[in-house]
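Novice: The amino acid sequence is not available; the structure is as follows:
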């Protein structure tokens with residue numbers, strides 16, 4: 001006997017994406033201007049409904065590609081938001097995702113959405129429960145960054161030690177002692193010194209590094225623990 005589901009309420013399910021970037025100094029978030037009611041013209045996260053043949057992961061990747069033109073970027077499911085009155089027009093549940101984008105990549109922002117990178121610390125009030133989503137995403141990002149090299153997703157392939165310190169200071173919203181930070185990073189032995197220098201910051205220049213993912217994975221298999 002087949003169960004009759006017609007007696008049960010039907011709900012809409014969407015995804016919302018918290019898109020982080022880093023400009024060398026500040027942690028950024030990519031926001032869009034809502035182009036329909038309710039709250040048309042207000043700042044919002046980028047989102048969309050899950051298609052009838054899609055998983056939530058597929059929907060989130062589609063939404064990100066629609067806005068940025070990027071594929072195969074870091075994406076992690078965050079949380080499901082199910083408050084009955086979270087949107088005024090219908091019962092809509094949302095599965096949030098956060099993603100990390102290197103701003104230097106060839107991002108082709110879809111002009112249809114009036115999207116802008118905004119400093120996280122200066123982000124405006126967002127629609128519905130999107131501020132709560134951002135808060136939860138920042139907390140998750142900090143946990144991930146303290147126990148793994150997730151932050152490298154926000155950097156260009158080659159970076160200075162100062163770039164790396166700026167990134168972690170932006171993520172954790174605190175200042176680190178330069179000597180202690182450099183010593184801790186060097187002790188992990190997961191960077192490759194390219195022996196090339198960035199000459200824009202000083203006359204002597206600063207060495208450029210790359211994250212050694214192969215060495216990191218090998219060290220993890222041997223019991224290494226990343227800790228910031």
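Specialist: Yep, that arrived. Owing to the predicted nature of the structure, the values given are computational and were not obtained by experimental measurement.

Novice: Which residue ranges make up the domains of the protein?
Specialist: Domain ranges of the chain: 12-147, 155-221, per automatic domain parsing.

Novice: Comparing those, which comes out most buried?
Specialist: Per residue and on average, the most neighbours among the domains of the chain fall to domain 12-147, with a mean of 17 (mean count of other Cβ atoms under 10 Å). (Glycine included, C-beta is placed from N, CA and C.)

Novice: mind checking the longest helix of this protein?
Specialist: In the chain, assigned by DSSP state H, the helix with the most residues is helix 130-147.

Novice: returning to that earlier point: closest one to residue 3 among the domains of the chain?
Specialist: Of all these, it is domain 12-147 that lies closest to residue 3, at 19.5 Å by Cβ to Cβ.

Novice: What segments of this protein are strands?
Specialist: Remark: strands assigned in the chain by DSSP state E are 12-22, 27-33, 43-44, 46-49, 74-81, 92-102, 116-119, 191-198, 206-211.

Novice: Output those strands as a markdown table; include the columns distance to residue 132.
Specialist: Shown next, in a markdown table, are these (distance: least, Cβ to Cβ, whole Å):
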| stretch | distance to residue 132 |
| --- | --- |
| strand 12-22 | 11 |
| strand 27-33 | 14 |
| strand 43-44 | 13 |
| strand 46-49 | 14 |
| strand 74-81 | 7 |
| strand 92-102 | 9 |
| strand 116-119 | 17 |
| strand 191-198 | 36 |
| strand 206-211 | 32 |
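
Novice: remind me which residues of the chain are low pLDDT?
Specialist: Applying pLDDT under 70 to the chain flags the ranges 1.
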